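Colleague: this one's sequence-less:
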């Protein structure tokens, strides 16, 4: 059973701080990873994708991938109250279909 | 900006009744996915279409669930009969190359 593991949180950070969200995955053959943001009662919104080892930056967001450790992280700089949401980590299954396998999500609370 | 459309947004039904959900993917996206998300968990794939063909329905409860994408564009997911445990958010997503998936707004189903 291929899995993605995340700490459910909540992770609480003050406004302006760096929020660090982490996940691990079990499918060693997976090559593609995604972070989705989901506000309460809404659908997931794709915010980052990463395919290569190292860092990928997009605005205040940085995704980090370490395939040897099977570890993916998302850093949010200058956190804002509007960043308060659940963040879902997903890996693309290495099998024929390439379906996404999601973690349970980490709830982030940014306090003013 | 192109979006995935879903309807209805909310559905309340009694157990043993039939329900149906509709999804229209982003124009040109050949791959369409139906996910189910239970509160507090990540989305889980129910069925994946490539054009009009089913690629993966291994997690679809086929005794009560059915899905079709007859012309390779929009899709319908049906449940008959609905059970209390089917209460969840039903999410449709689409992708063009099978990598980045974009979700619609979802249908919140409540079975009473």
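Modeller: Arrived safely. This one's a predicted model, so the numbers in the text were calculated from it and none came from an experiment.

Colleague: need the strands for chain B, in chain order.
Modeller: B:5-7, B:10-13, B:19-24, B:31-37, B:44-50, B:53-56, B:65-68, B:75-79, B:88-95, B:102-103, B:107-111 (DSSP state E).

Colleague: which one, of these, ends up nearest to residue A:92?
Modeller: Checking the strands of chain B against residue A:92 by CB to CB gives strand B:88-95 as the closest, at 10.2 Å. (Glycine included, C-beta is placed from N, CA and C.)

Colleague: how far away is residue B:62 from chain A?
Modeller: According to CB to the nearest CB, to the nearest Å, residue B:62 stands 17 Å off from chain A.

Colleague: from chain B, which residue is nearest to chain A?
Modeller: residue B:42 (3.0 Å; CB to the nearest CB).

Colleague: count the residues that sit near residue A:58.
Modeller: Using other CB atoms under 10 Å in any protein chain shown, residue A:58 is surrounded by 10 other residues.

Colleague: do the same with residue A:9
Modeller: 15.

Colleague: wait, isn't it in contact with residue A:107?
Modeller: Yes - with contact defined as CB atoms under 8 Å, residue A:9 counts as touching residue A:107 (4.2 Å).

Colleague: skipping adjacent residues, who's closest to the closest residue to chain B within chain A in space?
Modeller: The nearest approach of chain A to chain B comes at residue A:102, 3.0 Å away (CB to the nearest CB). In this structure, residue A:102 finds its nearest non-sequential neighbour in residue B:42, 3.0 Å apart by CB to CB, 6 or more residues apart in numbering or on different chains.

Colleague: ok, now residue A:1?
Modeller: Nearest to residue A:1 is residue A:26, by CB to CB, 6+ apart, at 7.8 Å.

Colleague: so residue B:49 makes contact with residue B:31?
Modeller: Yes - shown here, residue B:49 and residue B:31 form a contact pair, counting by CB under 8 Å, at 6.8 Å.
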